[in-house]
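Trainee: Fold the following, please.
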Amino acid sequence: IPICYFDHRAGYLWGKETQVREKLNVLLSVGTGHRGELSFEDSAIMILRSFSMVFLALILVIMDVPLVWAEEETGRIVITTEGIKEMNVRTVVELLNRIPGVDAGENTVSLRGSRMVKVLLDGRPINDPLSGHRAIRWNLVSINDIERIEIYKGSGSGAFGDDSSGGVIIIKTKRPEGGKGNIEAFGGNFNTKSCSINYRRNIEPFGVGFSAGWYKESGYRDNGDKDKRRAGTKISYSPSKEHSFDLSLDFASEDSGRPGLPAYPTPRSRFESETFGSSLISRIRSLKSGTHFSRFRRESRNPDSGLETILKSWSFMEDLKRKFRGISTGINFEIAEVSGNKVSTKQEKKCGIYLAKDHHFKALPLTLSGGARCNLYSEFRNVFNPEIKLSFARDDFTIQTAVVKTNNTPTFLQRYYESSTTSPNPDLGTEKAMNYSITFSYHPIKQIEGSITLFYNRIKDRITYARGEGGIGKYENFGKVTLKGTEISCKWKLCDSIEMKPSYVYLSAKDNETGNWIPCKPEHKVRFDIRYKPLADLTLDLNTKYVSKQYSRSDNKESVSGYFIADLRADYYCNRIRLFMKIENLFDKDYLYGDGYPAPPLTWWTGLSCEF
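Mentor: Numbers count the residues shown, from 1 in each chain. Modelled structure (predicted):
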């Protein structure tokens, strides 16, 4: 059945959207045996039937039918293990905040002002479907386990699916090799304590890796304490160069207080969460398969308001990838379920097909990339999203432009969750986004390089949290929104011991119907980082940031002032031992985040890391 829509002619999907949707619906019914919503009792049978779709796809692969997308794509930022080590960062959040146009928090990330960013850990999304802002479970990731990070700003939705109008971040962990390990411990003010361990061992053809970590602090506000734990393992098997199998298991938990807004404090509100994920990545010759399972659980309690809300969710995903005759293609499907003490069991399914083709012009240094993705949903309208990219590269000058269409689906929390500050909205719909961008890069000499990007994102039916009187709100679709701006960055190496990295982001984020600014979107953001190496083994980093005024409510009745902060970090290497120290908010500024919550005062910590 699916052979009929895997046509090798370029542009087939562009003109036959309706036929593709009908045929994909047939394929989905073959794989699942059901077109409508399944009951809770049928969920186990649903998973077993899903394997029939995988089996069908494998048969098609043997028949040389293309089923996979390529891993090469223009317009991405790649950071390898060597780059991570050179940046002297302790967490993936610190690393991302060094990249212009990227803002990462304790469990958030945004690209060019958009929080609709999909984050993949070894192919498995670590965005929490039970969160309101695509919360990222960063505590699943150890910086010492990362082999490679790829960042797609405003693109990547074609190859990696929906919920990525802001972009995609791909994190790939190291395969076990040799016998290497790392142990790290640090402490600081607010009773901060942390320790972690990572170890990898390779005994051909097997490899085993293990990592674990613990973090605890009392917090800088009443009821602001946190207790986080994580553990993970990775088992590899490589019987030959053409065959490899990697199994990853990760677990993380958090127990923390929720102090609330200053005007509406919640001194006894508590939050607990558990996250479990597993991924099996298989490579058989040119075929790459990814089988992923994730489980999330969160609980909120507030004795003062009598609130106790429990939400649980699980999802099962399958991806198949391969490049066939110059065409990058892929097929994936997902089943997800949510349940809770205030939510009846809901189950959703979706399936996606992706095709792309790169064309390199012989007479000109041009590369034209075209692609399209078709997504089918059990709860939302099916969509067809094309994308086009053009790249010109010559000597030290590069121009890249892209036009990408994508969509974002509302999370389970946005539709069904109830807390002391949020009411449910089960009728919430999807967002539709069009992203346009053009980037100019110039590298005249070895010591200097820079780039400027102009971007324009048009979003329809944007999902946003609207807080009303009394501090209680809900997620709604707010008409049309435009995000447009400029991103400028430069790297200047004055000498072997001094390097500077200034950057500036201008962002205009407005609701087209009301003219109001979107909350938590500052118009100006400036960063200026200086690295100084007085000795070969000593590195000093001064990281400064200015953020302009931003509104904290969608009606623009409340705002937070702009602020300037600076962080200082020192790292000293002595053979395999690294001593480090960091001071955040060096000048102890009193300021608020964009959502109106107080930011931390001066915070310091110090510790050591040892390789073995």
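Trainee: Now stretch 96-105: average pLDDT?
Mentor: If you average the pLDDT over stretch 96-105, you get 85.
Trainee: Stretch 498-510 now?
Mentor: pLDDT averaged over stretch 498-510 gives 93.
Trainee: outside of that stretch, which residues touch it?
Mentor: Here stretch 498-510 makes contact (Cβ atoms under 8 Å, 6 or more residues apart in numbering) with 98, 100-101, 112-113, 481-494, 516-518, 521-533. In this view, the C-beta of every residue, glycine as well, is placed from N, C-alpha and C.
Trainee: Buried ones among those?
Mentor: Buried members of the contacts of stretch 498-510, scored by 16 or more other Cβ atoms under 10 Å, are 98, 100-101, 112-113, 481, 483-485, 487-491, 493, 516-518, 521-523, 525-527, 529, 531, 533.
Trainee: hang on, residue 144 in a helix?
Mentor: Yes - assessed with DSSP: H, G, I helix; E, B strand; the rest coil, residue 144 lies in a helix.
Trainee: so what's it up against?
Mentor: Residues near residue 144 by Cβ under 8 Å, 6+ apart: 182, 184, 196, 198, 211.
Trainee: buried set for the strand or helix carrying the first one?
Mentor: Looking back up the chat, that one is residue 182. Assessed by DSSP states H and E, residue 182 sits inside strand 179-188. Using 16+ other Cβ under 10 Å as the burial criterion, the residues of strand 179-188 that qualify are 180, 181, 182, 184, 186, 188.
Trainee: Just the CA trace of it, in PDB.
Mentor: The C-alpha trace of strand 179-188 is given here as PDB (Å, rounded to 0.1, in the frame of the first residue of the first chain):
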ATOM      1  CA  GLY A 179      38.000   2.800  29.600                       C
ATOM      2  CA  LYS A 180      37.300   6.500  30.600                       C
ATOM      3  CA  GLY A 181      35.500   8.100  33.500                       C
ATOM      4  CA  ASN A 182      34.900  11.400  35.200                       C
ATOM      5  CA  ILE A 183      33.800  12.400  38.700                       C
ATOM      6  CA  GLU A 184      32.800  15.900  39.700                       C
ATOM      7  CA  ALA A 185      31.600  17.600  42.900                       C
ATOM      8  CA  PHE A 186      30.900  21.200  43.800                       C
ATOM      9  CA  GLY A 187      29.200  23.400  46.400                       C
ATOM     10  CA  GLY A 188      28.100  26.900  46.900                       C
END
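Trainee: List the neighbours of that strand that are in contact with it.
Mentor: Contacts of strand 179-188 with the rest of the structure, by Cβ under 8 Å, 6+ apart, involve 90, 144, 192-202, 580, 603-612.
Trainee: 7 Å instead, please
Mentor: Here strand 179-188 makes contact (Cβ atoms under 7 Å, 6 or more residues apart in numbering) with 144, 193-201, 603-612.
Trainee: what is the mean pLDDT for it?
Mentor: 93.
Trainee: That one: what's the following helix or strand?
Mentor: strand 192-203.
Trainee: Could you tell me which residues within the helix or strand that comes right after that following strand count as buried?
Mentor: Using DSSP H and E, the next helix or strand after strand 192-203 towards the C-terminus is strand 206-217. Neighbour counts over strand 206-217 (16+ other Cβ under 10 Å) mark 207, 209, 210, 211, 212, 213, 214, 215, 216, 217 as buried.
Trainee: just stretch 347-366 next, same as before
Mentor: Of the residues in stretch 347-366, 347, 348, 349, 350, 351, 352, 353, 354, 355, 356, 357, 358 count as buried by neighbour count, 16+ other Cβ under 10 Å.
Trainee: For the longest strand anywhere in the chain, which helices and strands make contact with it?
Mentor: The longest strand of the chain (DSSP state E) is strand 307-324. The contact analysis (3 or more Cβ pairs under 7 Å, 6 or more residues apart in numbering; DSSP states H and E) places strand 307-324 against helix 43-62, strand 287-302, strand 327-340, helix 412-416.
Trainee: ok, now with 10 Å
Mentor: If you count contacts as 3 or more Cβ pairs under 10 Å, 6 or more residues apart in numbering; DSSP states H and E, strand 307-324 packs onto helix 43-62, strand 124-125, strand 270-284, strand 287-302, strand 327-340, strand 346-360, helix 412-416.
Trainee: The shortest one pairs with which strands, parallel or anti?
Mentor: Sheet pairing of strand 124-125 (DSSP bridges) gives strand 117-121 (antiparallel).
Trainee: how much does the partner strand deviate in direction from strand 270-284?
Mentor: If you take axes from the mean of the first three to the mean of the last three Cα atoms, to 10 degrees, strand 117-121 sits at 60 degrees to strand 270-284.
Trainee: Grab the CA positions of strand 117-121 and hand them over as PDB.
Mentor: Taking C-alpha atoms only, strand 117-121 is exported to PDB below (Å, rounded to 0.1, in the frame of the first residue of the first chain):
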ATOM      1  CA  VAL A 117      12.100  24.100  20.200                       C
ATOM      2  CA  LYS A 118      12.300  20.300  20.000                       C
ATOM      3  CA  VAL A 119      15.200  18.800  21.900                       C
ATOM      4  CA  LEU A 120      16.300  15.300  21.000                       C
ATOM      5  CA  LEU A 121      18.600  13.100  23.200                       C
END
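Trainee: Let's test this: mean pLDDT of it, rounded?
Mentor: 92.
Trainee: Check which residues of it are buried.
Mentor: Here strand 117-121 shows 117, 118, 119, 120, 121 as buried, counting by 16+ other Cβ under 10 Å.
Trainee: which stretches of the stretch 101-250 of the chain aren't confidently modelled?
Mentor: 132 (pLDDT under 70).
Trainee: do the same with the chain
Mentor: Applying pLDDT under 70 to the chain flags the ranges 1-75, 132, 419-420, 468-470.
Trainee: rerun that using 50 as the cut-off
Mentor: Scanning the chain for pLDDT under 50 picks out 1-74.
Trainee: what ranges do the helices span in it?
Mentor: Assigned by DSSP state H, the helices in the chain fall at 12-15, 17-32, 43-62, 81-87, 92-96, 157-160, 412-416.
Trainee: which other residues reach the fourth one?
Mentor: With contacts defined as Cβ atoms under 10 Å, 6 or more residues apart in numbering, helix 81-87 is touched by 79-80, 92, 94-95, 98-99, 143-149, 174, 531, 539, 541.
Trainee: Correct me if wrong: residue 452 contacts residue 487.
Mentor: Yes - between residue 452 and residue 487 there is a contact at 7.1 Å, judged by Cβ atoms under 10 Å.
Trainee: Give me the common contacts of these two.
Mentor: Listed as contacting both residue 452 and residue 487 by Cβ under 10 Å, 6+ apart are 439, 504.
Trainee: ok so, going back, which members of the buried residues of stretch 347-366 are the farthest-apart pair?
Mentor: Pairwise distances across the buried residues of stretch 347-366 (Cβ to Cβ) peak at 37.7 Å, for the pair 347 and 358.
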